[in-house]
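*Asks:* Pasting the sequence and the predicted coordinates here, then a few questions.
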Amino acid sequence: MIATEFNCHDEQLWPCMAELFRDFSMNAMGIRASGAAAVNLCHLAAGQIDAYYQYMLKPYDVAAGIIVLEEAGGRVTTADGSAYSVFDRSLLATNDALYEQVGT
């Protein structure tokens with residue numbers, strides 16, 4: 001199970017988001033959109049989902065959720081695999097065991 005959100009504020013992201021949605025939905029059991037990045041990161045930390053990806057998040061959207069996820073052993077990077085900062089515009093999070101499968 002993978003979680004994401006659909007950012008409707010930036011038209012330039014729609015082609016990329018549609019392609020990612022297609023690719024992930026063909027390879028995952030399902031895709032969930034809860035409406036809150038921090039909640040998705042906590043669901044990942046609790047093992048309720050397997051991965052979370054998103055673009056155009058703000059620091060206040062993710063800061064607390066990233067702490068919870070990292071304390072639980074999860075991994076957070078940018079979409080291209082770089083080290084993540086709350087000021088980055090892309091996020092890919094998963095448990096460490098699945099990271100290589102999800103990140104490719």
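*Replies:* The structure has been received and is ready for your questions. Since this is a predicted model, take the numbers as computed values, not measurements.

*Asks:* which residues of the chain fall in strands?
*Replies:* 2-3, 31-32, 51-55, 74-77, 90-95 (DSSP state E).

*Asks:* for the third one, what is the average pLDDT?
*Replies:* Taken as a whole, strand 51-55 carries a mean pLDDT of 86.

*Asks:* ok so, going back, rebuild the strands of the chain as JSON lines, extending it with mean neighbour count and distance to residue 68.
*Replies:* From N, CA and C alone the C-beta is placed, and that goes for glycine too. Putting those into JSON lines (neighbours: other Cβ atoms under 10 Å; distance: least, Cβ to Cβ, whole Å) gives the following:
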{"stretch": "strand 2-3", "mean neighbour count": "23", "distance to residue 68": "14"}
{"stretch": "strand 31-32", "mean neighbour count": "16", "distance to residue 68": "17"}
{"stretch": "strand 51-55", "mean neighbour count": "23", "distance to residue 68": "12"}
{"stretch": "strand 74-77", "mean neighbour count": "20", "distance to residue 68": "8"}
{"stretch": "strand 90-95", "mean neighbour count": "22", "distance to residue 68": "11"}
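
*Asks:* between these, which one is nearest to residue 15?
*Replies:* Nearest to residue 15, of all those, is strand 51-55, at 11.9 Å by Cβ to Cβ.

*Asks:* now residue 59, nearest residue through space, not along the chain?
*Replies:* Leaving out its chain neighbours, the residue that sits closest to residue 59 by Cβ to Cβ, 6 or more residues apart in numbering is residue 86, at 3.8 Å.
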